[in-house]
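Novice: coordinates only, sequence not included:
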Ligand code: SAM
Ligand code: SF4
Ligand code: SF4
């Protein structure tokens, strides 16, 4: 039964509506299925669309270590989220591979269980710069899925995008190490900015079609107005339909069905059998109606939308003498149940009404 059509039950302890399939619903009847966990607000890149150097230079003050949730606190939130019907935990950042002892956290999260009694689907998004050295340890610790960001194949363009002179070859080395470590169907994310790196889209498509036997899935992300510091302009958004037409003119494409509810990407396959690609069209085709995601910042704030101005601070509950598991679960349930976010559907109005938005490297994308 689809979670959106399942009948509702009243669970008095949590004080919120849940459907008979265990899913907790928000005010738009969207189930909570995904928790993105940011492990740090730091990053070794300065991507212009996320952490522009002009704003995040040497004087920028990152979160002090003492404010970061420790692994036990992260696992506590993960455990209670899973108890409320979440199935996927995605680790992100900043750059999550900068977090010391990451494999130990992955081991702790892999030992948790969903409502169905299965291990959670554990995923991680990385810029790939440190992957070559860590891929085996992450896999052995229990990480299931990997997404690697790569915005160009041409070194000059990529180095301009990451703004720290990081070479493409090292990210490709990380991808190959991840494949050897046993990760399957690795996703590669390219953020497309018209006039900046859109000329790289076909080269990346060709690279991932022709190599790796179709095992790596390239996804194109529309440049989003995340945070308030990336100089976002609608003119720099290349709508997915236009980009897809460019790609299909060279290699014909056919649509694929979604693999699960709440999927962010529209999937397409090459008709010649060279694998699939995806388009994440947050600007041109908002998908808020299916949004099953919440985001936990490294310092313990829960955001119910990528574009929300503020989160719900869980740290007092996690660190206070009073807070027990039931209180934390109740708080998470109440936050999700009260959610009605749909920023992308209302972008034009909300950009004016709600000018403050948390930064992407804080929320984790
Ligand atoms: N540092 C890791 C990385 O880059 O993969 C994880 C964190 S990053 C914030 C997560 C994802 O958000 C990346 O795929 C990145 O390209 C994407 N992203 C960041 N800023 C964006 C923006 N303004 N528009 C669209 N995607 C963005
Ligand atoms: Fe760092 Fe990822 Fe943001 Fe780039 S997109 S600056 S790699 S957090
Ligand atoms: Fe979800 Fe907010 Fe993005 Fe809409 S804008 S899909 S509600 S995170």
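Specialist: Done, it's in. Not measured: the values here are computed from a predicted model. Numbering: from 1, shown residues only. Ligands and ions are numbered 1, 2, ... in the order given.

Novice: secondary structure class for residue 35?
Specialist: Assigned by DSSP: H, G, I helix; E, B strand; the rest coil, the conformation of residue 35 is strand.

Novice: give the buried residues for stretch 34-54.
Specialist: 34-43, 45-52 (16 or more other Cβ atoms under 10 Å). Yep, even glycine has a C-beta here, placed from its N, CA and C like the rest.

Novice: tell me which of those fall in strands.
Specialist: Counting by DSSP state E, these place 34-38 in strands.

Novice: could you dump the residues you listed into CSV and include pLDDT?
Specialist: Below are these laid out as CSV (pLDDT from 0 to 100):
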residue, pLDDT
34, 97
35, 98
36, 98
37, 98
38, 98
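
Novice: number of nearby residues for residue 290?
Specialist: Other residues lying near residue 290 total 17 when counted by other Cβ atoms under 10 Å.

Novice: measure the residue lying closest to it once chain neighbours are set aside to residue 84 for me?
Specialist: Closest residue to residue 290 apart from its sequence neighbours, by Cβ to Cβ, 6 or more residues apart in numbering: residue 262 at 5.1 Å. Going from residue 262 to residue 84 by Cβ to Cβ, to the nearest Å gives 15 Å.

Novice: likewise for residue 296?
Specialist: For residue 296 relative to residue 84 (Cβ to Cβ), the value is 13 Å.

Novice: between the two, which is the more surrounded one?
Specialist: Ranked by neighbour count (other Cβ under 10 Å), residue 296 and residue 84 place residue 296 first, with 28 against 24.

Novice: grab the nearest non-local neighbour of the more buried one.
Specialist: Closest to residue 296 by Cβ to Cβ, 6+ apart is residue 37, at 4.9 Å.

Novice: run a quick check on that neighbour versus residue 88, I expect a contact.
Specialist: No - if you go by Cβ atoms under 8 Å, residue 37 and residue 88 don't touch, sitting 10.6 Å apart.

Novice: show me the contacts for the closest residue to ligand 3 within the stretch 1-150 of the chain.
Specialist: As assessed by Cβ to the nearest ligand atom, ligand 3 sits closest to residue 30 within the stretch 1-150 of the chain, at 8.3 Å. By Cβ atoms under 8 Å, 6 or more residues apart in numbering, residue 30 lies in contact with 4, 262, 289-292, 339.

Novice: give me the neighbour count for the residue nearest to residue 239 when sequence neighbours are not counted.
Specialist: Counting by Cβ to Cβ, 6+ apart, residue 239 lies nearest to residue 284, which is 4.0 Å off, once chain neighbours are set aside. Counted with other Cβ under 10 Å, residues neighbouring residue 284 total 15.

Novice: near ligand 3, which residues of this protein are found?
Specialist: 287-288, 291, 293, 305-307, 341-344 (Cβ under 6 Å from any ligand atom).

Novice: return the residues in contact with the residue in the chain that ligand 1 sits nearest to.
Specialist: Residue nearest to ligand 1 within the chain (Cβ to the nearest ligand atom): residue 365, separated by 2.7 Å. For residue 365, the contact set (Cβ under 8 Å, 6+ apart) comprises 36, 92, 125, 226, 306.

Novice: wait, a helix at residue 263?
Specialist: No - counting by three-state DSSP, residue 263 is not part of a helix but coil.

Novice: hang on, it packs against residue 292?
Specialist: No - with contact defined as Cβ under 8 Å, residue 263 does not reach residue 292; the gap is 9.3 Å.

Novice: any idea which helix or strand in the chain has the lowest mean pLDDT?
Specialist: One helix or strand of the chain scores below all others by mean pLDDT, DSSP states H and E: strand 8-11, with a mean of 43.

Novice: let me know whether stretch 153-162 sits next to ligand 2.
Specialist: No - using Cβ under 6 Å from any ligand atom, stretch 153-162 stays clear of ligand 2, with a minimum separation of 6.6 Å.

Novice: can you tell me what sits against that stretch?
Specialist: So stretch 153-162 is in contact with 45-48, 127, 150-152, 165-169, 171, 196-197, 199-200, 203-204, 207, going by Cβ under 8 Å, 6+ apart.
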